[in-house]
Each structure stands twice: as C-alpha cells, then as structure tokens.
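Peer 1: sequence below, structure please.
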Amino acid sequence: MPTKIEWCKESINPVTGCSKCSPGCDNCYAEGTAFRLSRMPKTAAKYAGVVDERGRWTGKISGLDLSVFDRLPQKPCSVFVGSMTDIFHENMIRHVVRVIIAEAFNHPQHTFLFLTKRPDNMREIVTWFISLYRKFPQNIWLGVTVCNQQEVDEKIPILTAIPVESRFFVSLEPLLGPVNLHFGRSDHLPSNEKPFQERHHLIPILYQVCYNTSSKGGGYGTSSIGRGEY
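Peer 2: Here you go, the predicted structure:
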C-alpha cells in the first residue's frame, strides 16, 4: 500500500510481529500501530497475538500473506518489506523468508527494500538462500537500522559482508546521538533516491539520516540521502 515513508513509494507486510532488540526500539511506532490494528475488525486477524493486552510486542510472527504482493501497482516503484515486522526476526521460519524473497524476485519491475535490526540473522538466511539457488535477486536491497555509534560499528560491517551483488542501505532511525559512519567520502544525492553506482570494487551504501520523532527522543539528525564506501 502507498506509504508516507519518504524513502519508498509502497510498504507491504507479508507477515507482522516483532520484539525489541535495540535502544532504538524503546519507542517503537510499529508496536503502537499493531496494537491499534489488532483491535480493528478488518485487520484483527492479521495482528492477533503479535501484541499483548498492554500493546507490547510478544515476539510472535503472524502467518504468511503473499496477497500483499498482488496489490502492488504495475508501475515500477520502491517497496519497503516489513514496516510492521523484522523479516529477519529470530522467530521467523527461514523457509517463510525464502518464499518472501522468491516472491520479490517474481516482481522484477519493483525494487524491494529489506530492512533489519538483526544483520547476523540476515547474513545467515541470505547466505543459506544463495546456497540453495546460487544467486540472490538483484531487485532486493538489503539494509540495517542503527541508532548509535556502537550499532554503526557492530552492524554495518556485518551487512556489507553479506555476499550479494545487490545494493545495501543504512537507516539511522531513531538517531539517539551523533555518529561517524566512517565513509571515505560522501556525495549528496537528491532526496528522490536516484540509484547510484560506485566503482566496481567498492560497496555502495545508501543511508537515510532521520529525526528521532518519538516523544522521548533527542534532536539529532538531518533529512538527507547520501552515498559512499564503507
């Protein structure tokens, strides 16, 4: 469905559900949204059990709903997969992830953005997928969310070590403090996310630096798109 997220045009959730694993999860917008949707007749079934009576994530992952792919527009667009979940959550069945990746491959006109706070799990599952099929869909971008310097230092190297030819991106949201991304250089791009290509031996990273919009958040961040080599 269309989304207000500025770095994509559509957002789909073939599964829902999550749990907190980072300081950036303390004021999770998706948790509150899931609680509200779990009480609405049209969406109650999809969100049943993923939040408890207090509106907190339970760690349960819902059943797979591939019909969300069928509702995408025919015109090529960027699609965020999993705004109400983490596709690489530890409770996700890897064969379900395999089916989601395969379904993205079956819609080659679109660019699918898979974003996780769990890059170790992403690396494990993507490597397993490649061992089965000897390739990974190039219309899938792999991304990691980080919120502070410790996560930048720990998670981005794991992301960029994943053996794929597709693009990587990094989301800093919520940004809880100043960070150094260690880029050798940084060139600003227009905010409409035009694709970019670095020299063949460099790993390109698209990063979105966002404000912390939670009620308890700080004021760090800008609203810019950049590129560079890690």
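Peer 1: can you pull the contacts of G59?
Peer 2: Counting by CB atoms under 8 Å, 6 or more residues apart in numbering, G59 touches G17, C18, S19, H89, N91. For every residue, glycine as well, the C-beta is placed using N, CA and C.
Peer 1: repeat that for 7 Å
Peer 2: Contacts of G59 were listed using CB atoms under 7 Å, 6 or more residues apart in numbering, and they are S19, N91.
Peer 1: what does the pLDDT read for it?
Peer 2: According to the prediction, G59 has pLDDT 98.
Peer 1: SS state for it?
Peer 2: Assigned state for G59: coil (three-state reduction, DSSP: H, G, I helix; E, B strand; the rest coil).
Peer 1: where along this protein do the strands fall?
Peer 2: 10-12, 78-81, 111-116, 140-146, 168-172, 187-189, 204-209, 224-229 (DSSP state E).
Peer 1: parallel or antiparallel, list what pairs with the third one.
Peer 2: By that I understand strand 111-116. strand 78-81 (parallel), strand 140-146 (parallel) (DSSP bridges).
Peer 1: among those strands, which is nearest F129?
Peer 2: strand 140-146 (10.2 Å; CB to CB).
Peer 1: next, count neighbours for the nearest residue to P108 once chain neighbours are set aside.
Peer 2: Distances taken as CB to CB, 6 or more residues apart in numbering place N139 nearest to P108, at 5.5 Å, with adjacent residues excluded. For N139, the neighbour count with other CB atoms under 10 Å is 16.
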